[in-house]
Each structure stands twice: as C-alpha cells, then as structure tokens.
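Novice: Need coordinates for the below:
(2 chains)
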Number of protein chains: 2
Amino acid sequence: MRVTNLECEAAAITREWSAAGSTIGLVPTMGALHEGHLSLVREAGARCGKVVVSIFVNPSQFGPGEDLGRYPRMLDEDCGLLAGEGADLVFAPTPETVYPRGFSTFVEVTGLTDRLCGASRPGHFRGVTTVCCALFNMIGPDVAVFGEKDFQQLAVVRRMVTDLRLKPEIVQCPIVREADGLAMSSRNTYLSAREREQAAFIYRGLKAVSEAAGEGETVLETLKAVFRNVLSGAPLLSLSYLEAVDPDTLEPAENLDRTVRLLTAVYAGSTRLIDNISLEPPHPSRRTGC
Amino acid sequence: MRVTNLECEAAAITREWSAAGSTIGLVPTMGALHEGHLSLVREAGARCGKVVVSIFVNPSQFGPGEDLGRYPRMLDEDCGLLAGEGADLVFAPTPETVYPRGFSTFVEVTGLTDRLCGASRPGHFRGVTTVCCALFNMIGPDVAVFGEKDFQQLAVVRRMVTDLRLKPEIVQCPIVREADGLAMSSRNTYLSAREREQAAFIYRGLKAVSEAAGEGETVLETLKAVFRNVLSGAPLLSLSYLEAVDPDTLEPAENLDRTVRLLTAVYAGSTRLIDNISLEPPHPSRRTGC
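Specialist: Below you'll find the model as predicted:
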C-alpha cells in the first residue's frame, strides 16, 4: 500500500493504473476510520482492480464554530487499518494542497442542499461537492463509494456527478452499526459515557418506526411521533430534525405510499449525530382494510 | 465533419478518438461564427489531432432582459464555415440536453467574477463556468481554445480549471478585428449603421492609450482619460466600465509598472460591446527621467 500527501504523486500513480487497464475505486474519507469506512473499502475492492482511500479533513465543509479543530486525526492508525483491508493507495493531502493560494471555485448543488443538514449547516454541502469534484478529477476513479449514513450527501454528490458529467459511478453502502444499533461515526468519540448510552435510542426510534410501518401505519406524521416518543426516553438527546423524504429528490413525503427515507439529526449534548432508515410501503396483503 | 446534437454521440466519438491516441481540441462557442471564432478553430487544429466545436447559446449565462431570445442562431451557415476550416465534429446540443430536468448544480468562481462584466451581469460567469465544466466533461478535450475578447471569461475559466483540476489546457487567442478595428462579435449585427460606424471609436481609444503608454505615460488614470477623450467623439457610445487590471488576478492596477490589461465595456445604443488591450510598461530607456 502506498501513502502520499502529494497530489502529483497520487495523480501519476492512478493515471498509470488506468493506463494499464485497471479500474479504480475511490473511498473519500475524513479519516478516523471505523468499520463503516472499512466496509466501503471492501466494496470498492470488490468492484475495482485498485482501491484509493483519500483522508482529508476538509475545512470548507465545516462551518464557523463546528468541530474542524478537534475532529480526530490519526493517520498512522488509519493507514494500519487500510493496509489490513488491502487498499492500494492512501492519499492524505494537506489543506494547502487541495486549496492552494488563490483557490476560489466552488461547486454547489442547489435545492437538494436547502433542507435537512443543509439548513442547519449552511455551506456544508458546497464544501463537500467542491472537494469531491476536485478529488474525482485528481484521482479519476471509475467508482466512488459513499456510506448511507450521510444520506443527503449521497443524493447531493449523485446530483453533482449527473449534472456536471463527472466520471465515477456513485455506489452507496449500508450503514454499519455498533452492537446497540448506534450508527458508526468518527464523532461518536466525542460522547460522554452517558451520552453514548442514550445515543442508542436514535436507532431504537428508527427501528420502532420501521416496525410500526410494517404493521400497516402509513401516515408519516404518526410514524414520526413513534420516533419522538422513543427519543423522549433519552433526556440527553434533543432532536434537530426528523423528516421523511423521497430517497432521490429528498422532497418531503406525507404518506408511505412508496419507499421513503426517514432522516434524523439528533444532538447528544453538543455532538450532532445523524442516522436514517428506509421505510417500505406496507405489503398489499397487510394494508389496513384489505 | 460530423454534426450532432446528441451528447451520447459526441461523447462516444471523442472517447473513440482519445482511445485511438488523438488529442482533442475544443472550441466552445455560441454559434453565429465570425473570423474570430475561426481563428480559434485553426489554433485548435494546429495543436490537436481532432477539433470539436460546440455551438450552444447557453441560457444560464444570460440575465433576465438580456438578448438570449434574439441572439443570432444560424447552425447551417456555421457548419459550412467549420467544414471549410477542417473541424472534425460540431456538437450543437439543445438546452434540454445540457440542462435536463432536475439539473441543479452550478460551478462558481468567486472574487474574479465580482467586478467588470460580473458586476453588470450577475450570474453570467456562473453560467459560463457551469456550461464549460459540463462541456469539458462531455468531450474530454486536451485543449480548449478561447478568444481574448472575453478577457475576464478567460481568467475565470482558467481559475476554474486550475481549482477543480479539470483536464484541458486553456489556450488564448488574440482578438480578431474588422478593418476599422472593431473587435469581431456576433453582437455587432445588432448595431445600426451609425452605431456600427461609431463603434470603431472603442478600439481607436484603446490604441490611443497604448500609444500614450508607448510615449512614457505610466499613470493609469491619465491613460484612461485618453480613452474617454477619444470616446467622447462618438455620441452614440456610452461607457459601462474602463478598468486597468492585472491580467491574471484582474486586480485593479494603478501604475503601468508591469503589464496590465485595459478592459472596457461600451454601450452602442442598447448593444453592449467589450474590448481590451495589453499595455506594456515603458522600456527603461524611455522611462521619464532616465
């Protein structure tokens, strides 16, 4: 496994691989890797001849007052994990490499970014799409793999790739969870022991909603109340948003008459956690009144 | 010469050319071609094995109330001229092809676009960079050729290519002029006979500035007064802006102590015309006091 912080080196290596006929899978990360990231690396490896993992805590996707400064950085440990997964190249550029003096171009997806995390984190997705566009052009991947935990990010990156005719196919992987159901996140390390314990209520709430839907409830306001009810058992958690949306357009849904995605952001103390679940419309034979 | 309005066809043709080892030069245009465009086509042909010319009157770079509707469209005539220059492919997509339903991604260069034409045409450069980014990704050119008449556009497109690590090298070509010095432009056809006659004062003014600089004048405010003085002889013209800037950063310059670009936009009736000239610092032996 090669490791570089030089853009020219990463570009030369991947160009050589492409010229030799290898497909390239890119897993863009901010490091502090956990099993969720590693599942993306394995997916990239299953689809492509070469796997590149970028590790870059991207300043432009953090707002003022957010956790850019204290975001965990542990490159050596990350590289150890990636070597174990058979990654071929780790590209860990500095902010000055990605954004050299004079950098002033931004890629922005409108509409999709107005709501949900975009509403509480203005500029966040502009930072994400800008860095992804630049990384895609540096590395030239055939496939880029993202996790479903950042569900809005997936929809936004897909939109950008479609609109700007970028090269990679965007592949999404399921959320990987801790034993108690909490979605894995590099930010889970911020949690106190009690916050960590209560954070499990987030997935417990989502699962309760999924079960109520499975029992035939289709009114999304009613289903959302199920979640809020579960969450009320965890006094250290406070809801930032809970929205049921179309999985592609992220437009709000009102009824479970087709597959919708239930997305939530929850504060545990000052730590913002996100999670989501797919809700399927009830099977016809189980629809109320059938 | 092949002509298509289909993105998939243009992409397939150019992919095949690249795979066969040809370099590709792209000349992005809005059609209504004149000798200025044809000089870009010849430059692309001198540098690359294959020349692609895109013809697309890009709605997103026109503001409300601008001339999108009446911008001249003459595809057959344009194709005749391009065949005569040995172009290999004309790609003339519809707006629905470039911006399909749901399109919502924009590429924006900040800073460079705030002033000059950007100040009087808000959103214009966002439209330019977005369509150029999409076209570059559709066609995959090694080289893209632009004219110096749209000097700010050149600086903005270069900035985007550098920042987003887009593939093409950006090549700039000198302004091509009519016999009386007016910079060629598809918009010159809007001019009445008297406006057309007076429009020649624009270049006459720029040349007078260049001559004054050649005689040792280095104070740009004084040089700009020379231009305004010439322009005052043409009552149908009114100045939109006149600025001396660094040719790369477009930052305002005050003294001719290095090469600067003098840029102007002038209204002839309701038609907006732009032009520019390079001003060189006086040769040391001619500097005042030496």
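
Novice: what's the angle between the host helix or strand of A:Ala134 and helix B:124-139?
Specialist: Secondary structure from DSSP states H and E places A:Ala134 in helix A:124-139. If you take axes from the mean of the first three to the mean of the last three Cα atoms, to 10 degrees, helix A:124-139 sits at 40 degrees to helix B:124-139.

Novice: Quick check: next helix or strand after helix A:124-139?
Specialist: Sequence order places strand A:143-147 as the next helix or strand after helix A:124-139, per DSSP H and E.

Novice: Mind listing what's buried along stretch A:24-44?
Specialist: A:24-34, A:36-44 (16 or more other Cβ atoms under 10 Å in any protein chain shown). (Glycine included, C-beta is placed from N, CA and C.)

Novice: returning to that earlier point: so which elements touch the helix holding A:Ala134?
Specialist: helix A:7-19, strand A:24-29, strand A:50-55, strand A:105-109, helix A:117-120, helix A:151-164, helix B:151-164 (3 or more Cβ pairs under 8 Å, 6 or more residues apart in numbering or on different chains; DSSP states H and E).

Novice: So for A:Phe62, which of these sits nearest?
Specialist: Proximity to A:Phe62 (Cβ to Cβ) singles out helix A:117-120 among the helices and strands packed on helix A:124-139, at 12.6 Å.

Novice: Report the mean per-residue pLDDT for that closest one.
Specialist: Helix A:117-120 shows a mean pLDDT of 94.

Novice: cool, stretch A:4-18 as well?
Specialist: 98.

Novice: Centre of the chain to that stretch, how far?
Specialist: Averaging C-alpha positions (Cα atoms, centre = their mean, to the nearest Å) puts stretch A:4-18 25 Å from its chain's average.

Novice: ok so, going back, among the helices and strands packed on helix A:124-139, which comes closest to B:Pro100?
Specialist: Distance to B:Pro100, taken as Cβ to Cβ, is lowest for helix A:151-164 among the helices and strands packed on helix A:124-139, at 8.3 Å.

Novice: Please save the CA atoms from that closest one in CSV.
Specialist: The C-alpha trace of helix A:151-164 is given here as CSV (Å, rounded to 0.1, in the frame of the first residue of the first chain):
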residue,chain,number,x,y,z
PHE,A,151,-27.8,10.1,3.1
GLN,A,152,-28.3,13.7,2.0
GLN,A,153,-24.6,13.8,1.0
LEU,A,154,-25.1,10.8,-1.3
ALA,A,155,-28.1,12.4,-3.0
VAL,A,156,-26.2,15.7,-3.4
VAL,A,157,-23.0,14.1,-4.8
ARG,A,158,-25.0,12.0,-7.2
ARG,A,159,-26.8,15.1,-8.4
MET,A,160,-23.4,16.8,-9.0
VAL,A,161,-22.0,13.8,-10.9
THR,A,162,-25.0,13.6,-13.1
ASP,A,163,-25.2,17.4,-13.8
LEU,A,164,-21.5,18.0,-14.4
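
Novice: Can you name every helix or strand that it contacts?
Specialist: strand A:105-109, helix A:117-120, helix A:124-139, strand A:143-147, strand A:169-173, strand A:260-268, strand B:105-109, helix B:124-139.

Novice: Return the angle between stretch directions for it and strand A:143-147.
Specialist: For helix A:151-164 against strand A:143-147, the angle between stretch directions is 160 degrees (the same axes, to 10 degrees).

Novice: which residues sit against helix A:151-164?
Specialist: A:107, A:109, A:112-113, A:116-118, A:125, A:128-129, A:132-133, A:136, A:144, A:146-148, A:166, A:168, A:170, A:172, A:247-250, A:261, A:263, A:274, A:276, B:102-105, B:107, B:130, B:133-134, B:137 (Cβ atoms under 8 Å, 6 or more residues apart in numbering or on different chains).

Novice: which residues are contacting stretch A:56-74?
Specialist: Here stretch A:56-74 has contacts from A:28-32, A:91-93, A:95, A:98-99, A:106, A:121-128, A:130-131, A:135, A:186-187, A:189-190, using Cβ under 8 Å, 6+ apart.

Novice: Now do the helices in the stretch 151-290 of chain A.
Specialist: Per DSSP state H, counting those that start in this stretch, the stretch 151-290 of chain A carries helices over the ranges A:151-164, A:193-214, A:220-231.

Novice: Might you report the residue contacts of A:Arg196?
Specialist: Counted by Cβ under 8 Å, 6+ apart, A:Arg196 has contacts A:Leu182, A:Asn188, A:Ala268.

Novice: so how many other residues sit close to the second one?
Specialist: Burial measure for A:Asn188: 18 neighbouring residues, criterion other Cβ atoms under 10 Å in any protein chain shown.

Novice: Then the last one?
Specialist: Neighbour count of A:Ala268, defined by other Cβ under 10 Å: 25.
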